[in-house]
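[1] The following block contains a protein sequence and its predicted model.
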Amino acid sequence: MNYFICMDYDMLAFVKDGKYRIKVLQYLRDNPRLSSEIASYLAIKPASTSRILRDLKDKGLVNSISENTRTVLYSLSDKGKKILEVLK
């Protein structure tokens, strides 16, 4: 079955609606990253990056991995990978 047919169109709209959401997902495609790395890559404020990551995590598109209380790595979830495949 074609995944695109079953895709949650609201989720696609959510990802496409944000200025940086697709860019964050694409940046996480290859490796887990720290929030500060993402902020630097996108040249945006850390607070904005945190908000974007929280929204993506709430939608199940990214996972967070806490190595300790100060270090959190973000990675692309399976759902996030599928969204990127559809958006190619």
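    Right, received. Where do you want to start? Residues are numbered from 1 along each chain as shown.

[2] Check the gap between the residue lying closest to residue 16 once chain neighbours are set aside and residue 49 for me.
    Counting by Cβ to Cβ, 6 or more residues apart in numbering, the nearest residue to residue 16 once its immediate chain neighbours are dropped is residue 22, at 6.8 Å. C-beta: built from backbone N, CA, C; applies to glycine. Between residue 22 and residue 49 the computed distance is 14 Å (Cβ to Cβ, to the nearest Å).

[3] Settle it for me: which of the two has more neighbours?
    Set side by side, residue 22 and residue 49 give different neighbour counts by other Cβ atoms under 10 Å, the larger being at residue 49 (22 against 15).

[4] Touching, that one and residue 39? I think so.
    Yes - under the contact definition of Cβ atoms under 8 Å, residue 49 touches residue 39, with a separation of 4.0 Å.

[5] still on that earlier bit, please tell me how far the residue nearest to residue 16 sits from residue 14.
    In this structure, residue 22 and residue 14 are 11 Å apart, going by Cβ to Cβ.

[6] so where's the longest helix in the chain?
    helix 46-58 (DSSP state H).

[7] buried ones in it?
    Burial within helix 46-58, assessed by neighbour count using 16 or more other Cβ atoms under 10 Å, is assigned to 49, 52-53, 55-56.

[8] And the residue most central in space within the chain, what's its pLDDT?
    Within the chain, one residue has its C-alpha closest to the average C-alpha position: by Cα atoms, centre = their mean, that is residue 25, at 3.9 Å. On pLDDT, residue 25 comes in at 97.
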